[in-house]
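A.B. asks: No sequence on hand, only this structure:
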C-alpha cells in the first residue's frame with residue numbers, strides 16, 4: 001500500500017505543479033488518482049458500500065458540473081469552456097473515488113474554500129486571471145491524505 005500512497009501523493013503534486021505553472025494538466029494523471037484512491041477506499045470499506053459511495057459521490061459531482069454549465073450558459077451567457085476547465089471537471093470526477101460520501105462532501109467543500117482563500121491570497125503575485133482550481137484542490141487533497149497517514153486526521157473513511 002505504501003507504493004499506492006506514494007503514487008497518489010506524487011500525482012497530486014504533479015497536478016498542482018502543472019496547473020499552477022501552465023494552467024494545463026496531462027489527462028492521464030486523473031485516472032491515476034481515481035485508481036489509487038479507489039484502491040485505498042475499497043480496502044477500508046465493504047464492497048457494497050464502496051459502490052454506493054461511488055454512485056453518491058459521482059451524482060454530487062455531476063450535479064455540480066451541471067449547475068456550473070447552466071450558470072455559465074444562462075447567467076454568464078458564455079460557454080462553460082470559458083468558465084470551467086476540462087482538467088477541473090476531470091479532477092472532480094477522479095476525486096469522487098477518494099472518500100466515503102459524507103467525508104467527501106465535507107472535504108470537497110473545504111477544498112473549494114481552501115482554493116478560494118489561496119487564490120485570493122496569491123492573486124497580487126499571480127499574473128494570470130484564471131484560477132488553477134485543479135491544482136489547489138490537488139494540493140488540498142494531497143495534504144489531507146498525508147495528514148491522515150501520519151495520524152493528524154484519524155478517521156477519514158468512517159463517515
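C.D. replies: The structure has been received and is ready for your questions. What you are looking at is a predicted structure, and each value in this text was computed from that prediction instead of being measured. Residues are numbered from 1 along each chain as shown.

A.B. asks: I'd like the distance between the residue positioned nearest the centre of the chain and residue 16.
C.D. replies: Most central in the chain under CA atoms, centre = their mean is residue 95, positioned 4.4 Å from the mean C-alpha point. According to CB to CB, to the nearest Å, residue 95 and residue 16 sit 14 Å apart. Quick note: C-beta positions are derived from backbone N, CA and C, even for glycine.

A.B. asks: Same question for residue 98.
C.D. replies: Taking CB to CB, one finds residue 98 at 16 Å from residue 16.

A.B. asks: next one: residue 37
C.D. replies: According to CB to CB, residue 37 stands 16 Å off from residue 16.

A.B. asks: now residue 99
C.D. replies: Taken as CB to CB, the span from residue 99 to residue 16 is 19 Å.

A.B. asks: Tell me which of these two has more neighbours.
C.D. replies: residue 99 (28 against 21; other CB atoms under 10 Å).

A.B. asks: what about the more buried one, which SS state?
C.D. replies: Secondary structure, DSSP: H, G, I helix; E, B strand; the rest coil: residue 99 is coil.

A.B. asks: Tell me the buried residues in the helix ranked longest in the chain?
C.D. replies: Across the chain, the longest stretch assigned as helix under DSSP state H is helix 47-70. Neighbour-count burial for helix 47-70 flags 50, 53-54, 56-57, 60-61, 65, 68 (criterion: 16 or more other CB atoms under 10 Å).

A.B. asks: Measure how the helix or strand that comes right after it sits relative to helix 47-70, angle-wise.
C.D. replies: For helix 47-70, the following helix or strand on the C-terminal side (DSSP states H and E) is helix 86-95. Interaxial angle, helix 86-95 versus helix 47-70 (axes from the mean of the first three to the mean of the last three CA atoms, to 10 degrees): 160 degrees.

A.B. asks: Would you mind checking which of the buried residues of helix 47-70 is nearest to residue 89?
C.D. replies: residue 65 (5.7 Å; CB to CB).

A.B. asks: what's the nearest residue to the closest one if we skip its chain neighbours?
C.D. replies: Nearest non-adjacent residue to residue 65, counting by CB to CB, 6 or more residues apart in numbering: residue 89, 5.7 Å away.

A.B. asks: got the phi/psi numbers for the residue of the chain most remote from its centre?
C.D. replies: Residue farthest from the centre of the chain, counting by CA atoms, centre = their mean, is residue 77 at 26.4 Å. With angles defined as degrees, to the nearest 10, residue 77 sits at phi 60, psi 50.
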